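Peer 1: this one's sequence-less:
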C-alpha cells in the first residue's frame with residue numbers, strides 16, 4: 001500500500017510526531033511519501049523507524065502558492081498512483097482542494113484530512129476566507145479528523161461539515177512507557193545538576209507557542225530552577241533574546257529536539273505551556289503520564305485534560321501574570337506538585353493511552369478505503 005502525506009510542516013511538533021508514531025506502528029506494509037508545505041521542514045523524520053520505506057520527494061509540486069487551475073491540476077496529478085492521501089492542517093489545504101476538483105476525473109485515491117489547530121495568524125480569530133475555503137475543499141474528503149472538542153465544534157459550525165464526516169480522535173501515547181524512570185543523558189548537551197529543578201516544555205519553536213512569554217513567567221522563580229525547552233524552530237533566537245533581557249540567560253536551555261521524549265520528560269519537576277493556541281496538546285499528555293504537574297493557559301481542551309487537582313494551575317489565556325503565579329505556586333510546594341502529578345498520571349492512564357487512538361485511526365483509514373482492515 002502506498003500512502004501520501006501532505007503536511008503543512010514536517011518539523012518535530014505534536015501532529016507530526018503523532019503521524020510518525022502511527023507510521024511506525026503500521027510497519028513495513030506501507031510505503032510512505034511525505035511532503036512538507038514548508039521547504040526543508042522535515043525534523044520529525046528523526047523519529048521514524050529506520051526499517052520503514054519513506055520517501056521525501058524534492059520534485060513534488062509545492063503546496064504553497066496561488067490556487068490557480070493549472071497549479072491545482074499539477075497537485076492532483078501528483079496524487080495518482082497512491083492508495084490513500086492523508087493531509088494535515090491549513091498548509092496542505094491547496095492539496096485538499098485539488099483533490100476535491102480533480103478526484104473524479106483523474107481517479108484519485110480517497111483523502112482523509114487532519115486539523116490539529118491554528119498558527120499565530122488564526123490563534124485569536126479564525127479568518128472568514130479560510131473558513132469558506134475549508135468548506136469547499138473538504139467536500140471531497142472521506143473524513144475530517146480533529147483531536148479536540150473545540151475543533152470539532154469549529155468543523156461542524158464554522159466549516160459546515162456534516163456530522164458523519166467529522167471524527168473526534170483524542171491524542172494518545174503509550175502511557176506505560178512514560179511511567180518509567182527518566183534517563184540522565186537523554187537531553188542533548190544538558191545534565192541535571194544536584195539540587196537543580198527543571199521547568200520543562202516540549203514545543204516547536206514557533207510564534208504561536210509564545211515561548212518568550214514562558215521565559216518571562218519563569219524569570220521570577222528561585223535560582224535553583226532552570227527552564228528547559230525541548231524542540232526546534234524559527235523562534236530560537238527570539239527566545240534566547242528574551243532570556244537575556246529577563247536576566248535568566250544562564251538558566252534557560254534550548255537543547256533541541258529529543259526523538260524519545262518518554263526518556264526525558266520525567267526529568268522535569270514541573271511542566272509549563274504558554275501557547276496562544278492549542279487544541280489537545282500531546283506534550284501535556286506526556287507530562288501527565290510522567291506524573292508531572294502542569295501550569296498552562298486554558299487553551300483548547302487543556303483545562304478538561306488535566307486532573308481536577310491540577311485545575312488551580314490552569315490560567316486564563318493570555319494572562320502572563322497568572323501563569324507566572326501558577327508556576328511560582330507549584331515551584332514552591334513540592335508535596336503539592338507530587339500529589340498533582342500522581343493524579344495526572346492516573347488520569348492519563350485511564351483516558352489517554354494510545355491503544356484507543358490507534359484503533360480509531362485504523363477504523364477511519366479503513367473506512368476511507370472501503371475495507372475492514374488497515375493497512
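Peer 2: Arrived safely. None of the values given here were measured: they were computed from a predicted structure.

Peer 1: ranges for the helices of this structure?
Peer 2: Counting by DSSP state H, the chain has helices at residues 14-26, 69-78, 93-106, 128-137, 149-157, 175-178, 211-218, 236-245, 282-289, 302-305, 320-332, 334-351, 354-369.

Peer 1: Of those helices, which stretch is the most buried?
Peer 2: helix 282-289 (a mean of 27; mean count of other CB atoms under 10 Å). For the C-beta atoms, the positions are set from N, CA and C on the backbone; glycine is no exception.

Peer 1: That helix - contacts with which helices or strands?
Peer 2: On a contact count with 3 or more CB pairs under 8 Å, 6 or more residues apart in numbering; DSSP states H and E, helix 282-289 meets helix 14-26, helix 175-178, strand 197-202, strand 270-272, strand 294-297, helix 302-305, helix 334-351.

Peer 1: And these: which comes nearest residue 124?
Peer 2: strand 294-297 (12.5 Å; CB to CB).

Peer 1: just to revisit the earlier point, kindly reformat the helices of the chain as a markdown table containing distance to residue 263 and mean pLDDT.
Peer 2: Formatted as a markdown table, those follow (distance: least, CB to CB, whole Å; pLDDT from 0 to 100):
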| stretch | distance to residue 263 | mean pLDDT |
| --- | --- | --- |
| helix 14-26 | 14 | 94 |
| helix 69-78 | 38 | 98 |
| helix 93-106 | 35 | 98 |
| helix 128-137 | 38 | 97 |
| helix 149-157 | 30 | 95 |
| helix 175-178 | 9 | 94 |
| helix 211-218 | 22 | 98 |
| helix 236-245 | 23 | 98 |
| helix 282-289 | 11 | 96 |
| helix 302-305 | 23 | 96 |
| helix 320-332 | 23 | 98 |
| helix 334-351 | 17 | 97 |
| helix 354-369 | 17 | 96 |
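
Peer 1: Could you provide those in a markdown table, with additional columns for distance to residue 112?
Peer 2: Putting those into a markdown table (distance: least, CB to CB, whole Å) gives the following:
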| stretch | distance to residue 112 |
| --- | --- |
| helix 14-26 | 12 |
| helix 69-78 | 16 |
| helix 93-106 | 10 |
| helix 128-137 | 13 |
| helix 149-157 | 13 |
| helix 175-178 | 26 |
| helix 211-218 | 31 |
| helix 236-245 | 33 |
| helix 282-289 | 19 |
| helix 302-305 | 24 |
| helix 320-332 | 36 |
| helix 334-351 | 24 |
| helix 354-369 | 5 |
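
Peer 1: Can you give me the distance of the closest residue in space to residue 115 that isn't next to it in sequence to residue 371?
Peer 2: Spatial nearest neighbour of residue 115, excluding adjacent residues (CB to CB, 6 or more residues apart in numbering): residue 146 at 5.4 Å. According to CB to CB, to the nearest Å, residue 146 and residue 371 sit 23 Å apart.

Peer 1: again, but for residue 336
Peer 2: 50 Å.

Peer 1: who wins for proximity to residue 101 among the helices and strands packed on helix 282-289?
Peer 2: It's helix 14-26; of these, that one is closest to residue 101 (CB to CB) at 25.1 Å.

Peer 1: from the chain's centre, how far out does the closest one sit?
Peer 2: 10 Å (CA atoms, centre = their mean, to the nearest Å).

Peer 1: For that helix, which outside residues touch it?
Peer 2: Contacts with helix 14-26, where a contact means CB atoms under 8 Å, 6 or more residues apart in numbering, come from 5, 7, 9-10, 30, 32, 43-45, 47-49, 52, 54, 86, 88-89, 114, 116-117, 171, 173, 204, 281-283, 354, 358, 361, 374-375.
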